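*Asks:* Curious how this folds, go ahead:
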Amino acid sequence: MYLSTEQLDRYRTTIQKTHQWACRNWNRILQEKDLQGHYKAPAFWAAVGDAHMAGMHRKLIVDRFLRDDGDFRMSDDVKGFTQFSCTTVNQYIYSNGWLTVGMQKSGAYDVVAKALNFILKFQDPRHGGFYYAFDPKARQIDKSLMDSSSTSSAGMALLMAGRTAEARRAGDFVLRLLELQPEPDKYYFSCMRPDGSLHTDVFRTEDQWDPHSRKQKCLSTQADGLNELTWLIGKPTKFLTRLYTATGEPKYLEGAKKAFFFFHKLQENAWINYASCKTMWSGAELYRITGERVFAETATRLLDYYCKTQAPSGSWVHTLWYKSEEEQTFSWTADITYEYGAEFSDVVYDLSAS
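*Replies:* This is a model prediction of the structure:
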């Protein structure tokens with residue numbers, strides 16, 4: 001086992017505090033209208049083993065957000081993420097993947113079947129990637145770009161539901177995206193056009209709130225790692241790792257390693273970036289698979305920082321966007337806190353089981 005007793009105790013205490021925060025704030029969660037405050041909750045409750053709360057939150061999400069077409073939206077023509085519309089512009093079904101995985105873990109198979117039908121409409125038949133945007137008013141998929149975050153989130157949902165063939169095609173899309181990178185020591189471009197070419201026309205603005213900025217579509221090793229959206233490489237790393245675990249195909253493990261080590265090329269402040277949690281998440285699983293210490297060392301270095309910066313209440317501030325929890329909207333607080341609780345549980349398991 002890689003972890004010491006002291007580390008295990010510290011990590012379990014962090015997860016316990018996160019669970020306590022979620023239970024203590026349930027009445028506030030009930031009042032939260034935005035989908036952003038809920039979409040990671042099913043995976044969280046499943047990860048911490050709280051079947052009662054998993055059932056409560058599942059009912060809330062189904063009653064409030066699940067639409068006839070299998071999408072999760074605040075209303076028939078409004079997705080949500082009102083405080084961060086970049087999500088729906090660039091990775092519309094990213095949240096659907098999280099929700100589907102969490103619903104599958106909690107046994108809501110009827111919800112999963114309905115949700116998968118919607119997700120699969122976004123998969124490009126030629127390249128296997130998933131399109132990144134949708135207009136809920138017009139019920140139209142924007143087929144101008146496929147992206148690796150949407151594809152990886154959808155791919156993890158497909159794997160969880162046993163749709164391995166479609167998941168492989170999604171994985172092959174991510175591998176192709178990695179192969180196409182023109183300057184792999186400098187940039188990771190996350191989007192592909194329908195003709196199979198890499199989308200590199202992204203250098204218009206550096207404003208991470210702007211859905212059309214470079215930061216929303218491309219990671220740079222030349223920029224301050226504190227302000228990069230490092231999940232752009234972290235989610236594909238986790239998906240390819242899970243795909244290797246499910247299929248045993250070496251190309252997916254090699255792709256996961258390639259994506260993982262791009263993170264290590266980023267500027268040093270990436271290690272104190274809250275968006276780097278997905279590299280932590282994938283690193284622990286890569287360690288369990290390979291036994292290579294670099295993966296465990298990466299995971300624990302990030303996890304130690306996140307544990308150290310947890311608020312006494314059990315929550316976190318997403319400092320990419322906010323300076324304090326008072327300034328941060330509650331939907332963002334719920335978003336990051338549910339995610340960390342879910343991912344920390346997986347990380348501790350992977351590092352303990354090795």
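*Asks:* Give me the residue at the spatial middle of this structure.
*Replies:* Most central in the chain under CA atoms, centre = their mean is Lys235, positioned 5.4 Å from the mean C-alpha point.
*Asks:* give me every residue that touches the nearest residue to that residue once chain neighbours are set aside.
*Replies:* For Lys235, the nearest residue in space outside its immediate sequence neighbours is Ser152; the separation is 4.3 Å by CB to CB, 6 or more residues apart in numbering. Glycine gets a C-beta too; all of them are placed from N, C-alpha and C. Remark: with contacts taken as CB atoms under 8 Å, 6 or more residues apart in numbering, Ser152 is in contact with 97, 170, 174, 235-236, 238-240.
*Asks:* Any regions of the stretch 101-250 of the chain where pLDDT drops low?
*Replies:* Across the stretch 101-250 of the chain, nothing is flagged by pLDDT under 70.
*Asks:* May I see the buried residues of stretch 81-101?
*Replies:* 81, 83-84, 86-101 (16 or more other CB atoms under 10 Å).
*Asks:* returning to what we had before: from Thr164, how far out is the residue nearest to Lys235?
*Replies:* Taken as CB to CB, to the nearest Å, the spacing of Ser152 relative to Thr164 amounts to 15 Å.
*Asks:* And for Gln36?
*Replies:* Distance of Gln36 to Thr164, given as CB to CB: 30 Å.
*Asks:* likewise Tyr305?
*Replies:* Relative to Thr164, and taking CB to CB, Tyr305 is found at 35 Å.
*Asks:* Next: Gly102.
*Replies:* Look at Gly102 and Thr164: by CB to CB, they are 20 Å apart.
*Asks:* So between these two, which is more surrounded?
*Replies:* When Gly102 and Thr164 are compared for neighbours, Gly102 comes out ahead with 30 against 14, by other CB atoms under 10 Å.
*Asks:* Tell me the spacing between Ala342 and Ala41.
*Replies:* Using CB to CB, Ala342 is found at 9 Å from Ala41.
*Asks:* ditto for Ser95
*Replies:* When distance is defined by CB to CB, Ser95 is 11 Å away from Ala41.
*Asks:* residues contacting the residue nearest to the centre of the chain?
*Replies:* Neighbouring residues of Lys235 by CB under 8 Å, 6+ apart: 148-149, 152-153, 278.
*Asks:* what about 7 Å?
*Replies:* With contact taken as CB atoms under 7 Å, 6 or more residues apart in numbering, Lys235 is in contact with 149, 152-153, 278.
*Asks:* wait, is it part of a strand?
*Replies:* No: counting by DSSP: H, G, I helix; E, B strand; the rest coil, Lys235 falls outside a strand, being helix.
*Asks:* quick one on the thing from earlier: output the helix or strand containing the residue nearest to Lys235 as PDB, nothing but the C-alphas.
*Replies:* Remark: Ser152 resides in helix 148-160, with elements defined by DSSP states H and E. Extracted in PDB, the C-alpha atoms of helix 148-160 (Å, rounded to 0.1, in the frame of the first residue of the first chain):
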ATOM      1  CA  SER A 148     -12.000  16.300 -25.600                       C
ATOM      2  CA  SER A 149     -13.800  17.300 -22.400                       C
ATOM      3  CA  SER A 150     -17.300  16.500 -23.700                       C
ATOM      4  CA  THR A 151     -15.900  13.400 -25.300                       C
ATOM      5  CA  SER A 152     -14.200  12.200 -22.200                       C
ATOM      6  CA  SER A 153     -17.200  12.900 -20.000                       C
ATOM      7  CA  ALA A 154     -19.600  11.100 -22.400                       C
ATOM      8  CA  GLY A 155     -17.000   8.300 -22.800                       C
ATOM      9  CA  MET A 156     -16.900   7.600 -19.100                       C
ATOM     10  CA  ALA A 157     -20.700   7.500 -19.000                       C
ATOM     11  CA  LEU A 158     -20.700   5.000 -21.900                       C
ATOM     12  CA  LEU A 159     -18.100   2.800 -20.100                       C
ATOM     13  CA  MET A 160     -20.100   2.800 -16.900                       C
END
